[in-house]
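Undergrad: one predicted model, sequence on top.
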Amino acid sequence: MNKKGAYSDLFILIIMAFVLVLVSGIYIFISNMTVSALHTSMDDMVLAPNINSSVLIDDTMGAVANSFQVLYWGSVMIIIGMIISIFIGSYLVTTKPIFFIPYIFIVIIAVIVSVGISNAYEQIVLTPILESTFVGFVGANFIMSKLPIWVTIIGFVGGIIMFSRLGSKEEQMYYG
């Protein structure tokens, strides 16, 4: 199988979770602002005898804004999927016991990086103009606000899964 991953998975989780929630929040914010701006400027407009501009806006851009609402819980599900993939990847990686010490250092560095990312996310969420948008990300806000704890737990559980498999009969069957 020659898989050499699982050491950088924590960093990928940190970066992808931050980018995913941030981009999702920006999409929701922009779509809501667009719908409200269209309603403000076009609600009194007469397009044709039987066409109501307010209904037209709700049927087009309103539907887009409503479809982006799935990002509130979809982002959490994607983050959970990434966590599960770290555990599966840790199980599939075969490594030597000597790499346990560098793995511990990598987890410590990932925890330190996650502190900065968590603080940056908190600053973005507390921005007055974006606060009403990010309040709907209940699960993602929980994960991102406690990101160092999550990274520590995921890193050590992934390490336990990766390094506890060293003497398994399955490995001996392939290499023995």
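TA: On my side now, so go ahead. Numbering: from 1, shown residues only.

Undergrad: from now on I want contacts and neighbour counts done on CA atoms only, so please keep to that.
TA: Fine.

Undergrad: find the nearest non-adjacent residue to Val157, please.
TA: Residue nearest to Val157 in three dimensions, not counting chain neighbours: Phe87, with 7.7 Å by C-alpha to C-alpha, 6 or more residues apart in numbering.

Undergrad: state whether the one you found is indeed within a helix.
TA: Yes: when DSSP: H, G, I helix; E, B strand; the rest coil is applied, Phe87 is found to be in a helix.

Undergrad: my guess is it contacts Gly158. True?
TA: Yes: using C-alpha atoms under 8 Å, Phe87 is in contact with Gly158, at 5.4 Å.

Undergrad: which of the two has more neighbours?
TA: Each of Phe87 and Gly158 has its neighbours counted (other C-alpha atoms under 10 Å); Gly158 has more, 24 against 21.

Undergrad: quick one, phi/psi of that one?
TA: phi -60, psi -40 (degrees, to the nearest 10).

Undergrad: pLDDT score assigned to it?
TA: Gly158 carries a pLDDT value of 90.

Undergrad: so what's it up against?
TA: Contacts here follow C-alpha atoms under 8 Å, 6 or more residues apart in numbering; on that basis Gly158 touches Ile86, Phe87, Ser90, Tyr91.

Undergrad: Ile28 now?
TA: Ala65, Phe68, Gln69, Leu71, Thr133.

Undergrad: closest one of those residues to Gln123?
TA: Thr133 (13.9 Å; C-alpha to C-alpha).

Undergrad: the closest one and Ser24 touch, don't they?
TA: No: assessed by C-alpha under 8 Å, Thr133 is found out of contact with Ser24, at 9.9 Å.

Undergrad: between the two, point out the one with more neighbours.
TA: Ser24 (22 against 19).

Undergrad: those strands in the chain, which residues are they?
TA: 46-48, 51-52 (DSSP state E).

Undergrad: who wins for proximity to Ser8 among those?
TA: Minimum separation from Ser8 across these (C-alpha to C-alpha) falls at strand 51-52, 53.8 Å.

Undergrad: the closest one - what's its average pLDDT?
TA: For strand 51-52, the mean pLDDT works out to 76.

Undergrad: direction included, what does that strand pair up with?
TA: strand 46-48 (antiparallel) (DSSP bridges).

Undergrad: count of neighbours near Ile124?
TA: 15.

Undergrad: which residue sits closest to it, ignoring its sequence neighbours?
TA: Leu130 (7.5 Å).

Undergrad: next, the one you found: phi, psi?
TA: Dihedral angles (degrees, to the nearest 10) for Leu130: phi -100, psi -10.

Undergrad: please report how far it lies from Ile30.
TA: To Ile30, Leu130 is 10 Å away according to C-alpha to C-alpha, to the nearest Å.

Undergrad: kindly report the same for Ile129.
TA: 11 Å.
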